[in-house]
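Chemist: Provide a 3D model corresponding to the input given below.
(2 chains)
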Amino acid sequence: MREFFAISLTLFLVIDALGNLPHYLKLISKFPPKKRKIFAFRELIFALIIMYLFHYLGKLLLPLLNISTITVQIGGGIILFLIALRLLFADEEETPWHTAEPFIVPIATPIIAGPSALAVIMILEEQQTSDFPILSSITLAWLASILIFFLGNRIYNLMHEKGLSAAKRLTGLIVSIIAVQTFLQGVKALSFELTNK
Amino acid sequence: MNLSLFFQTSFLFLIILDPIGNIPIVVGVLKGFNHKQQMRIIIRELFLSLVLMLFGFFFGRAFFTLLAIEQSSLQIVGSIAFFLIGVKMLFSSAKAEEKIKKIQDPFMVPIATPAIAGPGILATIMLYASNDEISKTLVLLSIFCAWLCLVPFLLAAPYLKKILKENGVIAVERLFAYIIILIAVEMAIAALKSTITSL
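Modeler: Got it, this is the predicted structure:
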């Protein structure tokens, strides 16, 4: 149970709903006001479907690449750390996600189900044997994220651009701590395996 | 022949060849040409890249045997190289296109090398060619297999970018970067294990 919430929280932090809120609001304002809620919901559903798909893709891919649990922990720690670095030192102009007609790209992916979140989903596989815990923790992280997106305008008025970018940086800091913890777990497991040989 | 190993090797080669990441480069370089010319250039560059990879395969083997380089040190070097490739892909995908725009005649450079047969894939091929545990025919077949899988991607480049859009290409490339990093860590751990157990 504790692990379930840990995965959800990690995923929620990596999705970085607060940090992505300004992009989301800018894009969503392109929809006609009356249909805005429906279109937004459509994009969010697509994001959830994409995340589910990547859960199964990871299940397919990791054995194919012959990747062990220890690798997943150490490599996952490194990947999470790189994600954290991206969050910490994000350059606002670096990724201008803009297209004329937002359909799946860029709201569903990469803003919500971005490469970072998808990589984390794929890596989570090894630690769990059955599908259900992962799928439900994806859903939980998704629900928390869409709550932020639906309250988007209010949160934006409350926090403004500066507050949101501060939240992004704070998220980066927390993710980097999780990253180091995951990495150390992997190192522990590796040293345990080496000494027991 | 070990089929799963063949599949794994081909897949690794293909992922380092980075079919989707090469699309923006191909599209960017060939912007000024019409469709027919574009296709002709892409096919020509694909064959040149295959020649380069085969060169790496035959030359690399002799090179490593000459220097008597150990398996695990190659593995560690390879994993560091992969790691750096992954990190570079992660942080500079948006800027790669601008750099390459300035070159006029796209013969050999920049599509055949370094975009397709770059240092990453050449190092990997050399690494596998000098691995005694893997049969040479398997590696050779894997090169052909990965190359064949790459062909449709590059031929579709002029169309694919329209579908994925620039954002999609960047996102897919970043995901590939994470996978490459994971492969790097796996290699490093394998090398570490074999070194420590042989002490």
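Chemist: when you work out contacts or count neighbours from here on, use the C-alpha atoms and nothing else.
Modeler: OK.
Chemist: I'd say A:I70 and A:F192 touch.
Modeler: No. With contacts counted by CA atoms under 8 Å, A:I70 stays clear of A:F192, the gap being 10.7 Å.
Chemist: who's more crowded, these two?
Modeler: A:I70 (21 against 11; other CA atoms under 10 Å in any protein chain shown).
Chemist: how close does the spatially closest residue to the more buried one that is not a sequence neighbour get to B:G120?
Modeler: Spatial nearest neighbour of A:I70, excluding adjacent residues (CA to CA, 6 or more residues apart in numbering or on different chains): A:G186 at 5.3 Å. A:G186 is 27 Å from B:G120, where distance means CA to CA, to the nearest Å.
Chemist: off-centre distance for the biggest helix by length in chain A?
Modeler: When chain A is parsed with DSSP state H, its longest helix is helix A:152-195. The chain centre lies 11 Å from the centre of helix A:152-195; the measure is CA atoms, centre = their mean, to the nearest Å.
Chemist: could I get the average pLDDT for it?
Modeler: Summarised as a single mean, pLDDT over helix A:152-195 is 90.
Chemist: and for stretch B:132-142?
Modeler: What stretch B:132-142 shows for mean pLDDT is 87.
Chemist: and chain A, which of its residues are near chain B?
Modeler: Contact residues (CA under 8 Å from any CA of the partner chain) of chain A with chain B: A:64-68, A:71-72, A:74-76, A:79, A:94, A:97-98, A:105-106, A:110, A:114-116, A:118-119, A:194, A:197.
Chemist: could you pull out the helices for the chain?
Modeler: As the question left the chain open, I've gone with chain A. A:2-15, A:17-28, A:36-64, A:69-88, A:115-124, A:131-150, A:152-195.
Chemist: that's the wrong chain, I wanted chain B
Modeler: Using DSSP H, helices in chain B cover B:3-17, B:19-29, B:35-67, B:71-92, B:96-100, B:119-129, B:136-155, B:157-197.
Chemist: what is the second one packed up against?
Modeler: Judged by 3 or more CA pairs under 8 Å, 6 or more residues apart in numbering or on different chains; DSSP states H and E, the packing partners of helix B:19-29 are helix B:96-100, helix B:136-155, helix B:157-197.
Chemist: how much does that helix deviate in direction from helix B:136-155?
Modeler: 50 degrees (axes from the mean of the first three to the mean of the last three CA atoms, to 10 degrees).
Chemist: mean confidence for helix B:19-29?
Modeler: Helix B:19-29 comes out at a mean pLDDT of 74.
Chemist: what's the spacing between A:L151 and chain B?
Modeler: Remark: distance between A:L151 and chain B (CA to the nearest CA, to the nearest Å) = 26 Å.
Chemist: for that residue, grab the count of nearby residues.
Modeler: 11.
Chemist: what distance do you get for it to A:L158?
Modeler: Distance of A:L151 to A:L158, computed by CA to CA: 11 Å.
Chemist: re the thing from before, need the helices of chain A in JSON lines (columns: distance to B:M39).
Modeler: Formatted as JSON lines, the helices of chain A follow (distance: least, CA to CA, whole Å):
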{"stretch": "helix A:2-15", "distance to B:M39": "39"}
{"stretch": "helix A:17-28", "distance to B:M39": "36"}
{"stretch": "helix A:36-64", "distance to B:M39": "32"}
{"stretch": "helix A:69-88", "distance to B:M39": "37"}
{"stretch": "helix A:115-124", "distance to B:M39": "31"}
{"stretch": "helix A:131-150", "distance to B:M39": "42"}
{"stretch": "helix A:152-195", "distance to B:M39": "44"}
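Chemist: among those, which is nearest B:L74?
Modeler: Closest to B:L74 of the helices of chain A, according to CA to CA: helix A:69-88, at 18.7 Å.
Chemist: can you check what angle separates that closest one from helix B:71-92?
Modeler: 30 degrees.
Chemist: what's the angle from helix A:69-88 to helix A:36-64?
Modeler: Orientation of helix A:69-88 against helix A:36-64 (the same axes, to 10 degrees) gives an angle of 140 degrees.
Chemist: list the helices and strands helix A:69-88 packs on?
Modeler: Under the contact definition 3+ CA pairs under 8 Å, 6+ apart, helix A:69-88 sits against helix A:115-124, helix A:152-195, helix B:157-197.
Chemist: show me what counts as buried in stretch A:146-162.
Modeler: A:146, A:148-149, A:152, A:155-156 (16 or more other CA atoms under 10 Å in any protein chain shown).
Chemist: hmm, who's touching it?
Modeler: A:17-18, A:21-22, A:24-25, A:44, A:164 (CA atoms under 8 Å, 6 or more residues apart in numbering or on different chains).
Chemist: do that again at 7 Å, thanks
Modeler: A:17, A:21 (CA atoms under 7 Å, 6 or more residues apart in numbering or on different chains).
Chemist: what's the weakest-modelled helix or strand in chain B?
Modeler: Sorting the helices and strands of chain B by mean pLDDT, DSSP states H and E puts helix B:96-100 at the bottom, at a mean of 51.
Chemist: residues of chain B that sit close to chain A?
Modeler: B:8, B:167-168, B:171, B:174-175, B:178, B:181-182, B:185-186 (CA under 7 Å from any CA of the partner chain).
Chemist: switch those residues over to JSON lines; also include neighbour count, distance to A:Y56 and pLDDT.
Modeler: Below are the residues of chain B next to chain A laid out as JSON lines (neighbours: other CA atoms under 10 Å in any protein chain shown; distance: CA to CA, whole Å; pLDDT from 0 to 100):
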{"residue": "B:Q8", "neighbour count": "16", "distance to A:Y56": "18", "pLDDT": "87"}
{"residue": "B:N167", "neighbour count": "20", "distance to A:Y56": "23", "pLDDT": "68"}
{"residue": "B:G168", "neighbour count": "20", "distance to A:Y56": "20", "pLDDT": "71"}
{"residue": "B:A171", "neighbour count": "24", "distance to A:Y56": "19", "pLDDT": "74"}
{"residue": "B:R174", "neighbour count": "25", "distance to A:Y56": "19", "pLDDT": "77"}
{"residue": "B:L175", "neighbour count": "19", "distance to A:Y56": "15", "pLDDT": "79"}
{"residue": "B:Y178", "neighbour count": "29", "distance to A:Y56": "17", "pLDDT": "83"}
{"residue": "B:I181", "neighbour count": "25", "distance to A:Y56": "20", "pLDDT": "86"}
{"residue": "B:L182", "neighbour count": "28", "distance to A:Y56": "18", "pLDDT": "85"}
{"residue": "B:V185", "neighbour count": "25", "distance to A:Y56": "22", "pLDDT": "90"}
{"residue": "B:E186", "neighbour count": "23", "distance to A:Y56": "21", "pLDDT": "85"}
